[in-house]
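1. Okay, sequence plus prediction incoming.
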Amino acid sequence: MIYSDFFDKKISLLGFGAMRLPLLPDGKTIDKGAVEEMVDYAIKRGVNYFDTAFPYHGGMSEIVMGEVLSKYKREDFYLASKYPGHQIAEKYDPADIFEKQLKKCGVEYFDFYLLHNIYELSYEVYTDPKWGILPYFLEQKKRGKIKHLGFSCHGRPDNLKAFLDYANGAMEFCQIQLNYLDWTLQNAKSKYELLHFYGVPVWVMEPLRGGKLAKANVDSPVESAFRFLMGKEDVKVILSGMSDLKQMKENVEIFSSRRPLTPAEEQKLLLAAEGMKNSLPCTACRYCVDGCPMGLDIPNLIATCNDVRYAKEGGLTASMQMEALPPEKHPSACIGCGACARVCPQKIDIPKALKELCDTLPDLPQWSKICKKRAEEAKMLEEKNKEKKP
Ligand code: SF4
Ligand code: SF4
């Protein structure tokens, strides 16, 4: 197993992400026996990093991982979990959630603890002094309940930068979506470079983009994707959301030695990624922005359009980007005047691209979930208001 040095710790470069655990035939319940087998195999071969979170598997991931890991000595594994400030709630009580998490996992402390999913919409929650989120977790670190504090981020680079500035050096690591496709598709390269500038080590999520890169038409697709990341020296942990023992065995084998891609191999892979994207060639020059009568953030909408073109199923990041926009900045606000397209040096038919984005959004399961949740919340609010009326 390859290890990364992090303060006084040696962390396995391969981490076990517990968000896609094996399920029983009912398709809902975690197959604890299968998880035990996977964890046992992993620990015997040197994997020591296990990553769960409050909402994974409807809250059951923390419980199952805690139970499975309880048979090992506490110092033989590192457990990470996350505070769900990105989930819409009426109040955000860090103490209540954190104490529950320790109980669910059956541990006295977390080795690694993350503020889950900083992005455009959750940024306000995480930085609002009313909830006191960062001060609370810094206090838990002082008490030894958290050994290392960090955050995960699905936001754009400017959002990432804003949070790093807000945290003022308190973040010891940052987890981002990083793989050879998102290196350019989701600006992961810029985020990686930004974190390097701030001296914050990188934890990787979605190294295979939810398994899609495992089926990519390149040589040894899984191995190539991991070897791409092995060449990035700030990457300390690569999380893989493994769902069966076969995947675990393959991954453990790949991580038995560090073999980063050669520059020629990396170029070939990045070229293959370009072919996968079917992208609109926006360079983010922003020439189109000033003349838009609706004040739309066109380059970012085009970036989302590109993301959706690739990730038709799921579309988690694209859905979050859309969710963070007020209705008047949504692509549906475009009136099709064409002022933007006339000045676009890349000759992109911007109104057509924005219409395509609007038309595709309802097909994204993640976006449908958000819409359903919003509709339920609106209904609940309406009913509450009715009750208040005499
Ligand atoms: S076509 Fe749409 S995006 Fe382009 S300038 Fe007009 S309103 Fe803005
Ligand atoms: S003018 Fe064209 S290339 Fe420039 S930001 Fe707008 S859409 Fe992108």
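-> In hand now; what should we look at? Ligands and ions are numbered 1, 2, ... in the order given.

2. drop to CA atoms for contacts and neighbour counts, all remaining ones
-> Will do.

3. Any residues of this protein in contact with ligand 2? List them.
-> Counting by C-alpha under 6 Å from any ligand atom, the positions of the chain adjacent to ligand 2 are Cys282, Thr283, Ala284, Cys285, Arg286, Tyr287, Cys288, Pro299, Cys344, Pro345, Gln346, Ile348.

4. tell me the SS of the last one?
-> Assigned by DSSP: H, G, I helix; E, B strand; the rest coil, the conformation of Ile348 is coil.

5. which stretches of the stretch 151-300 of the chain have low pLDDT?
-> Within the stretch 151-300 of the chain, no stretch falls below the threshold (pLDDT under 70).

6. quick one, phi/psi of the residue of it found nearest ligand 1?
-> Ranked by C-alpha to the nearest ligand atom, the top residue of the stretch 151-300 of the chain for proximity to ligand 1 is Cys292, at 3.6 Å. Phi and psi for Cys292, reported as degrees, to the nearest 10, are phi -80, psi 120.

7. Ala80 too?
-> phi -120, psi 140.

8. Can you give the distance of the longest helix along the chain from its chain's centre?
-> Longest helix of the chain, by residue count under DSSP state H: helix 365-388. Computed by C-alpha atoms, centre = their mean, to the nearest Å, the chain-centroid distance of helix 365-388 equals 25 Å.

9. Over to stretch 53-70?
-> Relative to its chain's centre, stretch 53-70 lies at 18 Å (C-alpha atoms, centre = their mean).

10. Over to stretch 242-254?
-> 21 Å.

11. Check stretch 228-242 too.
-> Worked out by C-alpha atoms, centre = their mean, stretch 228-242 lies 14 Å from the chain centre.

12. name the helices or strands packed onto the longest helix of the chain?
-> helix 316-323 (3 or more C-alpha pairs under 8 Å, 6 or more residues apart in numbering; DSSP states H and E).

13. The helix it packs on - contacts with which helices or strands?
-> Helix 316-323 packs on helix 298-310, helix 365-388, going by 3+ C-alpha pairs under 8 Å, 6+ apart.

14. residues of the helix or strand Gln140 falls within that come out buried?
-> Assigned by DSSP states H and E, Gln140 falls within helix 133-142. The neighbour-count check on helix 133-142 (16 or more other C-alpha atoms under 10 Å) flags Ile133, Leu134, Phe137, Leu138, Gln140, Lys141 as buried.

15. Not counting its own residues, what contacts the helix or strand following it?
-> Next helix or strand after helix 133-142 toward the C-terminus (DSSP H and E): strand 146-153. Contact with strand 146-153 is made by 109-119, 137-138, 140-141, 160, 170-177, as judged by C-alpha atoms under 8 Å, 6 or more residues apart in numbering.

16. cool, and stretch 240-259?
-> Contacts of stretch 240-259 (C-alpha under 8 Å, 6+ apart): 1-2, 13-22, 34-35, 37-38, 41-42, 45, 205-208, 223, 226-227, 230-231.

17. chain center to it, what's the gap?
-> On C-alpha atoms, centre = their mean, the centre of stretch 240-259 falls 20 Å from that of its chain.

18. start to end distance for that stretch?
-> With C-alpha to C-alpha, to the nearest Å as the measure, the first residue of stretch 240-259 is 18 Å from its last.

19. tell me which residues in the strand or helix carrying Glu124 are buried?
-> If you go by DSSP H and E, Glu124 is part of helix 123-127. Across helix 123-127, burial judged by 16+ other C-alpha under 10 Å covers Tyr123, Val125, Tyr126.

20. quick one: secondary structure of the closest residue to the first one other than its chain neighbours?
-> Here the nearest residue to Tyr123 in space, its sequence neighbours aside, is Phe163; by C-alpha to C-alpha, 6 or more residues apart in numbering that works out to 7.4 Å. What three-state DSSP gives for Phe163 is helix.

21. In contact with the residue of the stretch 151-300 of the chain closest to ligand 1, which residues are there?
-> Ala339, Cys340.

22. Could you name the helices and strands sitting against the helix holding Gln140?
-> Helix 133-142 is packed against helix 94-105, helix 123-127, strand 146-153, with contacts defined by 3+ C-alpha pairs under 8 Å, 6+ apart.

23. and the last one, which strands flank it?
-> Based on DSSP bridges, the pairing partners of strand 146-153 within the sheet are strand 110-118 (parallel), strand 174-177 (parallel).

24. separation between the residue of the stretch 101-250 of the chain found nearest ligand 2 and Val64?
-> Here the residue of the stretch 101-250 of the chain nearest ligand 2 is Leu185; by C-alpha to the nearest ligand atom that distance is 13.8 Å. Computed with C-alpha to C-alpha, the distance linking Leu185 and Val64 is 34 Å.

25. next one: Phe151
-> 23 Å.

26. What residues does the chain have near ligand 1?
-> Residues of the chain that fall close to ligand 1, judged by C-alpha under 6 Å from any ligand atom: 291-294, 296, 334-340, 351.

27. Quick one, which of those residues are buried?
-> Cys292, Met294, Leu296, Cys334, Gly338, Ala339, Cys340, Pro351.
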